[in-house]
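>>> here are the coordinates; sequence isn't available:
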C-alpha cells in the first residue's frame, strides 16, 4: 500500500475543525477600470497587433449580441444567449492559446470562436439553422462547433464537456502533441457530477487541460450563494490537488496572463490547471429569461461600471493603439455587416430532408433508409404541410 | 486454434487491438495491474504500459466522459464499466453525448472509436445490483451500436469488430459464461459482422431467438422440444442495435412461429420491439402469437433467481403453447 499519500500535518490534541471559508484565495488584477495598470503588475505577453485583434473580437461580440437579441425579439430566430459584461473571459481565453489547442465550451463562449475567426456567415447559418450550418440545422441557436477551428460543438447538457476535456487532453499528451485543451464552464455547472468527475480524472491521470470557470454570479436565476457554499470554485480545485488561480474576469490582461501561464504549465508539466474568472452576467441568461424577476437594477448598475470592453478600450486609447474614430467606424461597420448577414442567412434553405438521417451512424443503416423513404412518400402526399422540404425531394 | 474461455477470448481481442493501434487504450475501475475484477484485462498493463492500460477513480460518468473526449480527439478508448448495473451514472454521457456526438455536430466531430465493455446478466447469485441486463435502455437511443456475444469465439470476433467499428459500441459480456463457456478460438485476428444475426440451428416448426447467455437456455429448451418431435430453428441476434430484421423475418416466414427470450424483465424489453416489428413484417404468415419469455417484472432477486429467470423450462412450455395454439 502506498502510505506516502497520508501526509503528516501539524498534530494537535484539541479538536479543531478547518473552516473552508478561511482559505484565502487571492485574485489577480492587472488592469484598472480607467485603463491604467496596477503598480508593479506583471503584464501578459501582448503587442499592439495582438491587442487590436482582441479588441476587435470584443467589439464584434458586443455588436453581434445586440443585433441578435433584437433579431430574436423580432421572431427571426428562436433563441439567443448573450454574454454582456463577461466577454473578456471567452475572448481572452482563446487569445492566450495557440490555434492547435482544443476549446471545449459550455455555451456562452462564442467570444472564443469569434477570436479564432468563425465567420459572420458561419454564425448566421448556425443561428438560422439553414442548410449551410456546419451542424446541419440540428441544434438550437448558439450551439456552434468547428473542426477546422478546434472548437468542439456545444452540447446542451451542462458540464458534460468537463470529463471529456480531460480525456481529450490525455489523448493529446499521449500522442505528443504540442497542444492543450481549454474547457469552459460556469459556476452553476460546477455543481454537476461531471465537474467533480472531470477534475478528479484530469488530476489523477495528469491531463494537460485548463479548466476555465466563468463565475458570473448566476445560473439562470440562482445566485452563486444558493449554488455553493465555500470559497468559490477555486477552492474545489485546490481540493483536487490542481493548480488554481482566481482572476478578475473583466480584466482582459489578467485573463490573458493567467491563460498564457496555465498553458505553459499544462504543457510542460502535463498537468491540469483551474482558472476561476470572477465576472457578472449583466444580461439575461437567455432570451427566454428576464432577470428583473430575481435581481435589482442597482446591482446590475454596479457591474456596468466594470465593463470589460470599455476597460480595455481605455488602456488601448492611452497607449495610442486605438482612437475614437476607429471605434465609431468599427461599430458602424459591424452593425451594418451583421444586419446584411441576417438578411442573407434567413433566406437560405433549410437542410434537405435527407439530412434527418445522416450522421446518426457513420453510414445510414437500413432501418433508417426505410424510414426516410416512407417519410418522403408521405411528404409528397401532403406537400403543403412540409413547405421546407416538399419541393426538393428527389 | 486454442481452447479459450470467454474472458481469455476477450483478453486476446484486446491484446490484438492494442498491438495494432498505438492509440488504443483500456481503462476502468481496477483494470490496470489487477487486470479487472474478472481479469479481462490481465497482462495488458505489463505489455502496453500504465499510460495505455490503467485504473480510473470510481466514477462511471468520469470514465465515459473521459472516453468520449479521447474518442473525439482521435484515440481509440476501450472503457470498462465493472458491472452493467453501474453503467447508469454514465447514462447521460452515453445517451446524450456518445450517441449524439456525430449527429449534433453535423459530423464536425465524432466518437466513433469508442467501445464500452461491460459484464451483464444474472445466474451468478449477484442479487439486484450484479445481475441486470440493461440493453433495452440503450437500444432506445439512436446513434449507439449494441453487441452481445454468446461464446468465446463470438466474443473475440465481435469485440474486434466493435473496436474497429466507426460508431460508439456498447459491448455487453455475459458474465455467467466468463469462465463457464470454453471453446475453440483462433489465435489469429478475425472479425464477425456487427448487425447480422446468426442462425445456429435450422428448424421448421418454430423460430427461437435470443442473445448472449440466454442462447444456452433456448438451446436446452429446443433439445427438450426435439424429443416431442418439434423442430426448432435457433437464432442468435448478436447485435441488438441496429438489429437484423431480415434474418429473423425470413426465419419466421419459414416456420410461422416466433419465440423471443431475454434475461431482462418483460415490459418494454427489446423482445417487445422485435415482436412488434415481426408481427408487422410477417403478419399473414404467423400461425400463433409471438411468444416472449423474459424475466418477470421485478428487480433481479438473490435467493429466488431461478423463479425469476426465463429458464429452459419456461421456454419449453412456451414452445409447446405456440405449437398447440
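Received the coordinates, thanks. Quick caveat: nothing in here was measured; it's all calculated off a predicted structure. Residues are numbered from 1 along each chain as shown, chains lettered A, B, ... in the order given.
>>> Quick check: residues of the stretch 201-350 of chain A near chain B?
Those residues of the stretch 201-350 of chain A that sit near chain B, judged by C-beta under 8 Å from any C-beta of the partner chain, are A:201, A:204-205. For the C-beta atoms, the positions are set from N, CA and C on the backbone; glycine is no exception.
>>> ok, 6 Å please
A:201, A:204 (C-beta under 6 Å from any C-beta of the partner chain).
>>> So which residues of the stretch 201-350 of chain A form strands?
In the stretch 201-350 of chain A, the strands defined using DSSP state E, counting those that start in this stretch lie at A:209-215, A:218-219, A:222-223, A:243-248, A:273-278.
>>> Same list (these) but as CSV, adding mean neighbour count, mean pLDDT and distance to residue A:327.
Putting the strands of the stretch 201-350 of chain A into CSV (neighbours: other C-beta atoms under 10 Å in any protein chain shown; pLDDT from 0 to 100; distance: least, C-beta to C-beta, whole Å) gives the following:
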stretch, mean neighbour count, mean pLDDT, distance to residue A:327
strand A:209-215, 29, 98, 26
strand A:218-219, 20, 93, 30
strand A:222-223, 14, 93, 34
strand A:243-248, 23, 98, 23
strand A:273-278, 28, 98, 25
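>>> So for residue A:367, which of the ones you listed sits nearest?
strand A:209-215 (38.5 Å; C-beta to C-beta).
>>> which helices and strands does the closest one pack with?
If you count contacts as 3 or more C-beta pairs under 6 Å, 6 or more residues apart in numbering or on different chains; DSSP states H and E, strand A:209-215 packs onto helix A:161-174, strand A:181-186, strand A:273-278.
>>> which one of these lies closest to residue B:303?
Closest to residue B:303 of the helices and strands packed on strand A:209-215 is helix A:161-174 (C-beta to C-beta; 38.2 Å).
>>> ok and that closest one relative to strand A:209-215, angle-wise?
Angle, helix A:161-174 to strand A:209-215, by axes from the mean of the first three to the mean of the last three C-alpha atoms, to 10 degrees: 150 degrees.
>>> quick revisit: which one, of the helices and strands packed on strand A:209-215, ends up nearest to residue A:322?
That would be strand A:273-278 among these, by C-beta to C-beta, at 23.5 Å.
>>> Neighbouring strands of that closest one in the sheet, and parallel or not?
strand A:209-215 (parallel), strand A:243-248 (parallel) (DSSP bridges).
>>> And the helices in chain A?
Secondary structure of chain A, counting by DSSP state H: helices at A:48-73, A:87-95, A:110-116, A:120-127, A:161-174, A:193-204, A:234-239, A:252-269, A:297-304, A:308-318, A:324-345, A:366-381.
>>> Could you dump those into CSV and include mean neighbour count and mean pLDDT?
What follows is these, written out as CSV (neighbours: other C-beta atoms under 10 Å in any protein chain shown; pLDDT from 0 to 100):
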stretch, mean neighbour count, mean pLDDT
helix A:48-73, 19, 97
helix A:87-95, 30, 98
helix A:110-116, 25, 98
helix A:120-127, 22, 98
helix A:161-174, 30, 98
helix A:193-204, 25, 98
helix A:234-239, 20, 94
helix A:252-269, 22, 98
helix A:297-304, 12, 93
helix A:308-318, 20, 98
helix A:324-345, 15, 98
helix A:366-381, 13, 97
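>>> related to what we said a few turns ago, possible to save the strands paired with strand A:273-278 as CSV with distance to residue B:266?
Below are the strands paired with strand A:273-278 laid out as CSV (distance: least, C-beta to C-beta, whole Å):
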stretch, distance to residue B:266
strand A:209-215, 45
strand A:243-248, 52
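>>> For residue B:158, find the nearest of the ones you listed.
Once the strands paired with strand A:273-278 are compared by C-beta to C-beta, strand A:209-215 is nearest, at 33.8 Å.
>>> Please enumerate the helices of the stretch 1-150 of chain B.
According to DSSP state H, counting those that start in this stretch, the stretch 1-150 of chain B carries its helices in the segments B:6-20, B:44-48, B:60-73, B:91-92, B:101-104, B:135-139.
>>> Chain A: which of those is closest?
With distances scored as C-beta to the nearest C-beta, the stretch of these nearest to chain A is helix B:60-73 (2.6 Å).
>>> In the closest one, which residues are buried?
Using 16 or more other C-beta atoms under 10 Å in any protein chain shown as the test for burial, helix B:60-73 gives B:60-73.
>>> restrict the residues you listed to contacts with chain A.
When contact is defined as C-beta under 6 Å from any C-beta, the buried residues of helix B:60-73 meet chain A at B:61-62, B:65-66, B:68-70, B:73.
>>> Which among the strands of the stretch 201-350 of chain A is found nearest to residue B:179?
Closest of the strands of the stretch 201-350 of chain A to residue B:179 is strand A:209-215, at 39.7 Å (criterion: C-beta to C-beta).
>>> what's in contact with the closest one?
Strand A:209-215 is contacted from outside by A:89, A:93, A:165-166, A:169, A:181-187, A:202, A:233, A:262, A:266, A:272-278, using C-beta atoms under 6 Å, 6 or more residues apart in numbering or on different chains.
>>> tell me how far that strand is from the chain's mean position?
Distance of strand A:209-215 from the chain centroid (C-alpha atoms, centre = their mean, to the nearest Å) equals 9 Å.
>>> returning to what we had before: reformat the helices and strands packed on strand A:209-215 into CSV and put distance to residue A:290 next to each item.
Below are the helices and strands packed on strand A:209-215 laid out as CSV (distance: least, C-beta to C-beta, whole Å):
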stretch, distance to residue A:290
helix A:161-174, 28
strand A:181-186, 19
strand A:273-278, 24
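>>> Low-confidence ranges, chain B, go.
For chain B, no stretch is flagged by pLDDT under 70.
>>> picking up where we left off before, want to throw the helices of chain A into CSV with distance to residue B:296?
Output for those, formatted as CSV (distance: least, C-beta to C-beta, whole Å):
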stretch, distance to residue B:296
helix A:48-73, 52
helix A:87-95, 54
helix A:110-116, 52
helix A:120-127, 49
helix A:161-174, 37
helix A:193-204, 33
helix A:234-239, 45
helix A:252-269, 53
helix A:297-304, 58
helix A:308-318, 62
helix A:324-345, 56
helix A:366-381, 30
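>>> interface residues of chain B facing chain A?
With C-beta under 6 Å from any C-beta as the criterion, chain B meets chain A at residues B:51, B:57, B:59, B:61-62, B:65-66, B:68-70, B:73, B:75, B:96-97, B:102-109, B:112, B:142-143, B:166-167, B:242.
>>> Thought residue A:82 was touching residue A:65, still the case?
Yes - counting by C-beta atoms under 6 Å, residue A:65 touches residue A:82, with 3.8 Å between them.
>>> so who does residue A:217 touch?
Each residue near residue A:217 by C-beta under 6 Å, 6+ apart is listed here: A:224, A:280.
>>> try residue B:10
Applying C-beta under 6 Å, 6+ apart, we find residue B:10 in contact with B:40, B:155, B:159.
>>> ok, it to residue A:197 distance?
For residue B:10, the distance to residue A:197 equals 26 Å [C-beta to C-beta, to the nearest Å].
>>> Would you point out which residue is most central in the chain?
In the absence of a named chain, chain A is used. When chain A is reduced to its mean C-alpha position, the nearest residue by C-alpha atoms, centre = their mean turns out to be residue A:109, at 2.3 Å.
>>> that's the other chain; I wanted chain B
residue B:148 (1.9 Å).
>>> Excluding chain neighbours, what is closest to that one?
residue B:212 (4.0 Å; C-beta to C-beta, 6 or more residues apart in numbering or on different chains).
>>> Looking at the backbone only, give me phi and psi for residue B:109.
phi -140, psi 150 (degrees, to the nearest 10).
>>> can I assume it is in contact with residue B:73?
No - counting by C-beta under 6 Å, residue B:109 does not reach residue B:73; the two are 9.5 Å apart.
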